[in-house]
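>>> Fold the following.
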Amino acid sequence: MRREPFGMSAGASRLSATERASDGGSRYRLRDLFTPLDTLLASGGDPRLALDPNDRVNAYGCAASPEPELWNFASSTASTISQMAYDCAALAREELMHKCLFDEVEIAFDARCEDMREELRGHLALSSRIDVVFSPSGTDSQLHALFVARAVLGAAPVTIVVGADQTGSGTPHTARGHHFSTMTAGGIVVRKDGAVTGLAGDSIAVPLIDMVAGIAMRTDADAAVLRAVETSLAQGRRVLLQIMDSSKLGWRAPSEACLDEIARRWPRKVQIVVDACQARIGRRRLRAYLDRGYMVLITGSKFFGGPAFSGALLLPKGLSRSIDRIGGIAPGIFDYAGRCDWPVAWTTLRSRFERRPNFGQWLRWEAALAEIGSYYAVPGAFRARMLAELAVGIDSMIALSPSLRAVPAAIEKSVADDEEFAQATIFPFTLLRGGKPVSIAETSAVHRALARDMAEEISGSAADRQVAAQRCLVGQPVRLERQDGAPQAVLRLCVGARLVTEAWTPDTMQAQRNLQHVLDRIAHVLVKIELLLDRGAVVAAPAKSAFEV
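Sure thing, here's the model as predicted:
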């Protein structure tokens, strides 16, 4: 397998192996920090993060630098980096450069990563006993979770994926311990869906869509999960159960009662990992999962609005003790982590990994931490009120739109633990023409057209052209298979942390005006969708896939 310098994107300047050997590894990495910030922010990830050479956006339509003129309602997919977060990343780089004048790069970098773990725990109100494993993406973190589960369970588990039809496209691969792309974040060329050495196993998919009723959550999700667990254990296998909180459509499964039943019937035979990569989860609920011994997958790049990608695996203390004592290590995991990704306290495990700072991953997390800190600096009462009022307003606008049909919510509500997330923050809908769903191709085309200035393609009044000119991002189309008809695709309007942060002010009247301003922008987005559908201004055949990758 071919390795590229860790933390550098394709096309960035590199030294030859001979030059690195003569120059010294640490000084080479310090030189890497002088790479342009945009290049660093787009480095150290898999090919999804690469910028298109023509439009300079990644696979999610996001640039590496701020675009304040682009309205962002796409936090279920990815967001453009804010100016505030971009400035924080720039400052973090300067501070690390300064520290590297007095210490080795790897030592200074390691110390900063450990401080970031503490910052993340502080923002999420987690105990210092919770360990944090950083990664380039939530998909990478799934492989880390599988690695941990094998150590805890003492055997290769079968992974049961709840909501397999509403999670990341890499999950069918990572659940089986397979490569999810053609290149790792470390620049290692691999074969997509090839086995990760030492991690490969089996998986079982438990979809959540009711294939008969249409776009609705199945009513027998708990029973399906219990059957899958019981069957796997009866075959003498251990189980890694990946539960969903929340999915691309904002759904959660299985229920708390189902999880209680699993704990009662099969203690210590099922390790649970929560897919909370959307980060649409109350801090009380997050703590409750960890208190029960669950692992949790989270990102800073969905609800919180940090730049894609930034993943983390949260581990309760009992599990971390098992990991640091592990003997044999699956060789393939070395391709998906460096020493700095693991907590400093895990001295035995860390000693097995290369010292290879991933500057891109680090800077994206610096940006994400700035967003997370800003969000939780806003009073809880305002966060809850704004999300509630946005939910009411968006639901009403979608219901009144002749060309949109809302997908029903299907999340188990627990107001105390969910806090502000008792309210929906993802609003999925299908597009209609003449009361019938439009094609998947046209849905994809509408999604792309929303992100472009379409004033020249829209005939009509000056007001219509002004609406069409506004560039905006919404959540990428999600393809939904149906048993009784052709597949459909849904788009998603998403409320993210940045909307709340930017609206907050102690001035109650101004805060209300700010909230109304957000609703006005959402109405503008919906009108643009109506214009695109009504005027036939989109090309049905997509130039490239717009589905979430």
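>>> And the helices in the stretch 151-300 of the chain?
Taking DSSP state H, counting those that start in this stretch to define them, one finds helices in the stretch 151-300 of the chain at 171-174, 221-234, 256-265, 283-291.
>>> Give me whichever of the ones you listed is most buried.
Each of the helices of the stretch 151-300 of the chain was assessed for mean neighbour count using mean count of other CB atoms under 10 Å. The highest is helix 171-174, with a mean of 22. (Glycine included, C-beta is placed from N, CA and C.)
>>> quick one on the thing from earlier: for E119, which of the helices of the stretch 151-300 of the chain is the nearest?
Nearest to E119, of all these, is helix 283-291, at 14.6 Å by CB to CB.
>>> Name the helix or strand for L314, please.
Here L314 is covered by strand 311-315, with elements defined by DSSP states H and E.
>>> and that strand, how far from the chain's centre?
Relative to the centre of its chain, strand 311-315 is centred 12 Å away, using CA atoms, centre = their mean, to the nearest Å.
>>> what helices or strands is whichever helix or strand comes after that strand leaning on?
For strand 311-315, the following helix or strand on the C-terminal side (DSSP H and E) is helix 317-324. Helices and strands in packing contact with helix 317-324 are listed as strand 131-135, helix 138-153, helix 347-350; criterion 3 or more CB pairs under 8 Å, 6 or more residues apart in numbering; DSSP states H and E.
>>> just the CA coordinates of helix 317-324, formatted as PDB?
Once non-C-alpha atoms are left out, helix 317-324 reads as follows in PDB (Å, rounded to 0.1, in the frame of the first residue of the first chain):
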ATOM      1  CA  LYS A 317     -13.800   4.500  32.000                       C
ATOM      2  CA  GLY A 318     -14.500   0.800  32.400                       C
ATOM      3  CA  LEU A 319     -14.000   0.200  28.700                       C
ATOM      4  CA  SER A 320     -10.800   2.300  28.500                       C
ATOM      5  CA  ARG A 321      -9.100   0.100  31.100                       C
ATOM      6  CA  SER A 322      -9.700  -2.900  29.000                       C
ATOM      7  CA  ILE A 323      -8.300  -1.200  25.900                       C
ATOM      8  CA  ASP A 324      -5.000  -0.200  27.400                       C
END
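>>> What are the buried residues along it?
Buried positions in helix 317-324, judged by neighbour count with 16 or more other CB atoms under 10 Å: L319, S320, I323, D324.
>>> Give me the residues contacting it.
For helix 317-324, the external contacting residues (CB atoms under 8 Å, 6 or more residues apart in numbering) are 129-131, 148, 151-152, 293, 295, 315, 343, 345-349.
>>> Same check on stretch 262-277?
With CB under 8 Å, 6+ apart as the contact definition, stretch 262-277 has outside contacts at 138, 141-142, 145, 149, 152-153, 157, 163, 167-168, 225-226, 229, 233, 238-246, 259, 286, 289, 292-299, 302, 311.
>>> Return a ChimeraX selection command for the buried portion of the residues you listed.
Selecting just the buried residues from the contacts of stretch 262-277 in ChimeraX takes one command, with 16+ other CB under 10 Å as the test:
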select :138,141,142,145,149,152,153,157,163,167,168,225,226,229,233,238,239,240,241,242,243,244,245,246,259,286,289,293,294,295,296,297,298,299,302,311
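>>> Could you list the low-pLDDT ranges of the stretch 301-450 of the chain?
Counting by pLDDT under 70, the low-confidence segments of the stretch 301-450 of the chain come to 410-415.
>>> the strands in it, which residues?
Secondary structure of the stretch 301-450 of the chain, counting by DSSP state E, counting those that start in this stretch: strands at 311-315, 404-406, 426-433, 436-437.
>>> Just the CA coordinates for the longest one, please, in PDB.
Just to be clear, that refers to strand 426-433. Coordinates of each C-alpha in strand 426-433 appear next as PDB, following Å, rounded to 0.1, in the frame of the first residue of the first chain:
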ATOM      1  CA  ILE A 426     -34.100  18.000  10.900                       C
ATOM      2  CA  PHE A 427     -37.100  18.600   8.700                       C
ATOM      3  CA  PRO A 428     -37.200  16.100   5.800                       C
ATOM      4  CA  PHE A 429     -39.600  16.500   2.900                       C
ATOM      5  CA  THR A 430     -40.300  15.100  -0.600                       C
ATOM      6  CA  LEU A 431     -40.800  17.300  -3.700                       C
ATOM      7  CA  LEU A 432     -44.100  17.100  -5.500                       C
ATOM      8  CA  ARG A 433     -45.500  18.100  -8.900                       C
END
